[in-house]
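Colleague: what's the 3D shape of this:
(one chain, ligands or ions: 1)
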Amino acid sequence: MKFHNYLLKQAEPILNDIYQSSFVKGIGFNNLSQQQRDYYVAQDSYYTDEFSHLFDLTITKLTTEQQSTQPQTLDETVAHDALLASPNMLNIPPDDHNLAYLDHMKTEIMSGDATNAMLALLPCTESYHLIGKRYLNTTAHNTYSPWLEYYTSSAYQDFTQWSWQVIDAQIPDWQKLPVNDQKRYLNTYLTSYQFELSFWEHAAQQ
Ligand SMILES: Cc1ncc(CN)c(N)n1
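Modeller: Reported below is the predicted structural model:
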């Protein structure tokens, strides 16, 4: 089993909660209010802007070969547009859970090694791809299909696969990691997953 598969197995309970969270099901089953979409798109527009800076920081920690194989960076505007937010979203400031998530990633990128940095970002990348695969084509005439299509597109899939490959290449023998390193990596990764779940739950509560 590769390192990313082992990690994903540890995240399975949180990922299942994400799949069952009412906003994610709302995307899959075409059932979201305007208020929920405005809130989510406002939060996520802020998040994705900040994420691209965090990704640039992480890239500097990778080898030149890893850097050179990095697929084109993604512009998630298409996914945001698919949720049809109203101009009211412009009045919604970034919420505390969002800022805390970004803060967690920044701390782990700055204070840890390249693997730790990649693991802080991985739940963001992989969970959206997995949500897309899970809910694509579950509902006929789904208004939000373009959102699901974006996160299952070959560009997004390439980006997810590249992240997995980098992590697996960095830690080819994860069973032999010192216990403290294993704990730190797992904690970094699962904390990001908890923040992903919280992001969805806050959007559903609007
Ligand atoms: C909070 C969050 N996590 C992940 C993604 C997908 N890159 C996103 N757009 N927003």
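Colleague: which parts of the helix or strand of the chain with the lowest mean pLDDT are buried?
Modeller: When the helices and strands of the chain are scored by mean pLDDT, DSSP states H and E, helix 64-68 comes last with a mean of 93. The neighbour-count check on helix 64-68 (16 or more other CB atoms under 10 Å) flags Gln66 as buried. C-beta here means a position set from N, CA and C on the backbone, and glycine is covered the same way.
Colleague: now stretch 190-200
Modeller: Leu190, Thr191, Ser192, Tyr193, Phe195, Glu196, Leu197, Ser198, Phe199, Trp200.
Colleague: dump these to TSV, plus secondary structure and pLDDT.
Modeller: Listed next are those as TSV, based on DSSP: H, G, I helix; E, B strand; the rest coil; pLDDT from 0 to 100:
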residue	secondary structure	pLDDT
Leu190	helix	98
Thr191	helix	99
Ser192	helix	99
Tyr193	helix	99
Phe195	helix	99
Glu196	helix	99
Leu197	helix	98
Ser198	helix	98
Phe199	helix	98
Trp200	helix	98
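Colleague: which single one of those residues is nearest to Thr58?
Modeller: Nearest to Thr58 out of the buried residues of stretch 190-200 is Ser192 (CB to CB; 12.6 Å).
Colleague: next up, the contacts around the closest one.
Modeller: Tyr101, His104, Met105, Leu119, Ala120, Leu121, Leu122, Pro123, Cys124 (CB atoms under 8 Å, 6 or more residues apart in numbering).
Colleague: so which of those residues reach the ligand?
Modeller: Residues of the contacts of Ser192 in contact with the ligand (CB under 6 Å from any ligand atom): Cys124.
Colleague: selecting buried members of the contacts of Ser192 in PyMOL, what would you type?
Modeller: Here is the PyMOL command that selects the buried residues among the contacts of Ser192 (16+ other CB under 10 Å):
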select buried, resi 101+104+105+119+120+121+122+123+124
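Colleague: can you tell me which of the contacts of Ser192 is nearest the ligand?
Modeller: Proximity to the ligand was ranked across the contacts of Ser192 by CB to the nearest ligand atom; first place goes to Cys124, at 3.7 Å.
Colleague: touching, the closest one and Phe51? I think so.
Modeller: Yes - counting by CB atoms under 8 Å, Cys124 touches Phe51, with 6.5 Å between them.
Colleague: how about the strands in the chain?
Modeller: Applying DSSP state E to the chain gives no strands.
Colleague: closest to the centroid, which residue in this protein?
Modeller: Cys124 (1.3 Å; CA atoms, centre = their mean).
Colleague: now do it against Tyr185, distance only.
Modeller: Using CB to CB, to the nearest Å, we find Cys124 at a distance of 16 Å from Tyr185.
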